[in-house]
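>>> Sequence first, predicted model second:
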Amino acid sequence: MKKIFFLFIVSLLICSNIIAEDGYRLWLRYDKINNPALLAQYKKNIQAIAIKGTSPTLDIIRTELKNGLSGLLDSEIKITGNAGSNAGVWICKVADLPGGDNNKEIAEQLGKEGYKIFSKISGGKKVIVICANTDIGLLYGTFNFLRLLQTNQSIENVNTSSVPKLNLRMLNHWDNLNRVVERGYAGFSIWNWHTLPGYIDPRYIDYARANASIGINAVSLTNVNANATILTKSYLEKVKALADVFRPYGIKIFLTARFSAPIELGKLSTADPLNDSVQNWWNNKVKEIYSLIPDFGGFLVKANSEGQPGPQDYKRTHADGANMLANAVAPYKGIIIWRAFVYAAENPVDRHKQAYDDFVPLDGKFKRNVMVQVKNGAIDFMPREPFHPLFGAMPKTPLMMEFQVTQEYLGQATNWVYLAPLYKEVLNSDTYCKGKGSTVAKVIDGSIDGHTLNGMTGVSNIGNDINWCGHPIAQANWYCLGRLEWDYDLSSEQIADEWLRMSFTNDAAFLQSVKTVMLQSREIMVDYMNPLGLHHIMGTGHHYGPAPWISNLNRPEWNPVYYHKADSIGIGFNRTSTGSNALAQYFPEARKQWEDINTCDEKYLLWFQHVAWDHKMKSGRTLWNELCKKYYSGVDSVVWMKNEWLKQKNKIDEQRFNQVKMLLDIQIDEAKWWRNACLLYFQTFSKMPIPASYEQPDKTLEYYKSLRFPFAPGN
Ligand code: BDP
């Protein structure tokens, strides 16, 4: 009796999707198409699929299609090896396509990773062809084909091709070997070093599938605050096991290199990059790595930054350090990705200027297999930053873009923020380095300065939470990073649309409402956290919540007061020529939009200007009233987000509906907390009232100042 009851409960749970919709399947859900006309069209066109050849990647394609189509079409699709058979879909190399010379052009156009999907008549019968020059191209084409179905596109006359705009499309994990993820809000690291290499967690495979489905082709496994242990033999064997899993998905592994490893592991007395024994130590280490992982990507290095060792410890330059490592990996076609995120406590210069000051003089001094990785802005992944002035300023050096996907400064695991608009805002910014139209995107794709090494990365938001990213909506940020790395011209809207359809439903009303929320979510967050160019005013260490009052940290540039500079006259960091003159690091045309207090783009006003409390804004309000307006409308908008979400109740599964609903309640509370704490604190300088029409803060500034979060995650 008990057993029957148990089985009854289990089947009830399965039927009501309570077990299934835990978010684990990401955007690769493959549930049955519920549009009967489309389902019929798909079934008619895809009766069988022919794939010629064998390889680990082709096997992956077969499995993905089998699983994907049996779910989407709810019927078994035959997969054969022979294109001449009855198959309605052919998956084949361009070289194997009938048509001889005509295919040369396609081959050239598609390159190593591109794919083309088109329909044609063969033997009087229509077939859909997915072609590419390589197995990996075919895998990308397959995922795209499945996406067409998942997003309910007609495949009747399909004709689409796609080639990635960037070569290195990367994800950087900040995972420590003890599995704590620096700035991670989705549990512990997915890399279980203890059970590797013997145990291959199926999750590694699903991770690789997810990355390949959006075109990510490189991952750095370990924290940039590196631990040399990853370079020891036993750990390299673990890394090799992961590399073997990822290889057929087209994903290369990079590791973070601790600059002092020759001392820590090699027992040398120095890590001086110009010392021969140091060079030899790295040469041997690299040889060992490539003997295990022949397609190892190379090293990602954080040096002389926030306490990390580096070449400057030996009075050498960043170029000396990078080039020494570049020598070691060059024989194997490896590359060095050297981070430009540097600033020094001893340096009294505006932190905004320091990376530029250090790196611009080194332009032209890096070896050909070095890329310099630059964060999107000069401070640190704030909700809004102007683009980093290094973009466009180092024409002889390939610059790699570093975004942050994990929401260190953007509400961590509890706030819904869709980051494509942030990424696009930076990529579309005009550096004017070679005149109008020299966007950041064109700097990093190498087209402006003729670099073939090019790439983009994001700091991962992935952990071992069942849904990978903590907040169900945070999956969209992993997704959009990959999609933009593949094609930075895709719109935020298109990416949100795809992701929502694949992750939730194709229901038109759902899409219309939730897409609107997605697209506005970042601006809303800016409003309730860091409006009008405010930045770096968060809690110390864990970076959770507001703390603009902090002024007692050891390093001046760690203190929020360093950044907002509120006083009795006004607020904001004067970075014009009468202040730190960080503006001088931008090209004149770019500078123009920010240098005059009266015409400065207000989104960046307090980033570049110290502005009087009664300064008249474009709206006609005083700065103080505008600040109040922004903070209040930010909170109101989160309430609106929740109301929009509540409308989705019966449109999607209960599990994720409830999860997001509860998180939105937390987000409302946190938005109010940001608003109240910041306004009460800034009011101590402005001495102006919060307009009476607004609901007044219900707690005191002292209360907000007294809050402590000793166990906030990710720190
Ligand atoms: C900051 C993080 C810190 C990272 C650092 C970096 O707070 O944890 O180590 O960036 O990028 O945003 O190196």
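Okay, I see it.
>>> How about K116: what's its closest non-neighbour residue?
S161 (3.8 Å; C-beta to C-beta, 6 or more residues apart in numbering). Every residue, glycine included, has its C-beta placed from N, CA and C.
>>> oh, I was asking about V224
Nearest to V224 is K302, by C-beta to C-beta, 6+ apart, at 3.9 Å.
>>> One more: L168?
Closest residue in space to L168, ignoring its immediate chain neighbours: G455 at 2.8 Å, by C-beta to C-beta, 6+ apart.
>>> so the one you found touches F403, yeah?
No: using C-beta atoms under 8 Å, G455 is not in contact with F403, being 11.8 Å away.
>>> Count the residues that sit near Q109.
For Q109, the neighbour count with other C-beta atoms under 10 Å is 13.
>>> measure L196 to the ligand for me?
24 Å (C-beta to the nearest ligand atom, to the nearest Å).
>>> pretty sure that residue is in contact with L236, am I right?
No: using C-beta under 8 Å, L196 is not in contact with L236; the gap is 10.9 Å.
>>> for the nearest residue to D31 once chain neighbours are set aside, what are its contacts?
Spatial nearest neighbour of D31, excluding adjacent residues (C-beta to C-beta, 6+ apart): G71 at 6.0 Å. Contact analysis of G71 by C-beta atoms under 8 Å, 6 or more residues apart in numbering lists R29, Y30, D31, K32.
>>> just to revisit the earlier point, count the neighbours of the residue nearest to L168 for me.
24.
>>> mind checking pLDDT for it?
Here the pLDDT value assigned to G455 is 98.
>>> For stretch 267-283, the averaged confidence score.
Here the average pLDDT along stretch 267-283 is 98.
>>> cool, and stretch 558-578?
On average, stretch 558-578 scores 97.
>>> wait, does it contact the ligand?
No: Stretch 558-578 stays clear of the ligand (C-beta under 6 Å from any ligand atom), getting no nearer than 10.0 Å.
>>> Straight-line length of that stretch, end to end?
23 Å (C-alpha to C-alpha, to the nearest Å).
>>> Can you get me the centre-to-centre distance for it and its chain?
Centroid separation for stretch 558-578 versus its chain: 30 Å, with C-alpha atoms, centre = their mean, to the nearest Å.
>>> Could you give me the buried positions within it?
Going by neighbour count (16 or more other C-beta atoms under 10 Å), the buried part of stretch 558-578 is 558-566, 570-576.
>>> ok, so of those residues, who is nearest D101?
Nearest to D101 among those is R575, at 58.4 Å by C-beta to C-beta.
>>> and the chain, which residues reach the ligand?
Checking the chain against the ligand by C-beta under 6 Å from any ligand atom, the hits are E182, R183, V224, N225, K302, E306, F341, D380, F381, E408.
>>> Which of these fall in helices?
Of the residues of the chain next to the ligand, none are assigned to helices by DSSP state H.
>>> Any quick ChimeraX command for the buried ones out of these?
Buried members of the residues of the chain next to the ligand, defined by 16+ other C-beta under 10 Å, are picked up in ChimeraX with:
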select :182,183,224,302,341,380,381,408
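>>> Dump the residues of the chain next to the ligand into TSV; add pLDDT as well.
Listed next are the residues of the chain next to the ligand as TSV, based on pLDDT from 0 to 100:
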residue	pLDDT
E182	98
R183	98
V224	98
N225	98
K302	98
E306	93
F341	97
D380	97
F381	98
E408	98
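>>> so what's the closest residue to the ligand within the stretch 401-550 of the chain closest to, chain neighbours aside?
Distances between the stretch 401-550 of the chain and the ligand by C-beta to the nearest ligand atom are smallest at E408, namely 5.6 Å. With sequence-adjacent residues excluded and distances taken as C-beta to C-beta, 6+ apart, E408 is closest to R183, at 4.3 Å.
>>> ok, how many other residues are close to S55?
Burial measure for S55: 12 neighbouring residues, criterion other C-beta under 10 Å.
>>> Return the residues in contact with it.
Here S55 is in contact with D135, P248 (C-beta under 8 Å, 6+ apart).
>>> Could you report the separation of it from the ligand?
Counting by C-beta to the nearest ligand atom, the gap from S55 to the ligand is 38 Å.
>>> circling back to that earlier point, I figured the residue nearest to K116 was touching E113, is that so?
No: S161 is beyond contact range of E113, at 11.8 Å (criterion: C-beta under 8 Å).
>>> For burial, what's the neighbour tally of the nearest residue to A330 once chain neighbours are set aside?
Closest residue to A330 apart from its sequence neighbours, by C-beta to C-beta, 6+ apart: N369 at 5.5 Å. When counting by other C-beta under 10 Å, one arrives at 20 neighbours for N369.
>>> which residues touch N369?
By C-beta under 8 Å, 6+ apart, N369 lies in contact with G298, A326, V329, A330, K333, G334, I335, I336, L453.
>>> Kindly recompute the last result at 10 Å.
By C-beta atoms under 10 Å, 6 or more residues apart in numbering, N369 lies in contact with 298, 322-323, 325-327, 329-330, 332-336, 398, 453.
>>> Just the ones of the residues you listed in strands?
G298, I335, I336 (DSSP state E).
>>> could these be laid out in JSON lines, adding neighbour count?
Below are the ones in strands among the contacts of N369 laid out as JSON lines (neighbours: other C-beta atoms under 10 Å):
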{"residue": "G298", "neighbour count": "29"}
{"residue": "I335", "neighbour count": "27"}
{"residue": "I336", "neighbour count": "27"}
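>>> shaky segments in the protein?
1-20, 83-85 (pLDDT under 70).
>>> biggest helix in it by residues?
helix 654-686.
>>> Thought K649 was touching F657, still the case?
Yes: counting by C-beta atoms under 10 Å, F657 touches K649, with 6.1 Å between them.
>>> who's more crowded, those two?
Per other C-beta under 10 Å, whichever of F657 and K649 has more neighbours is F657, with 19 against 11.
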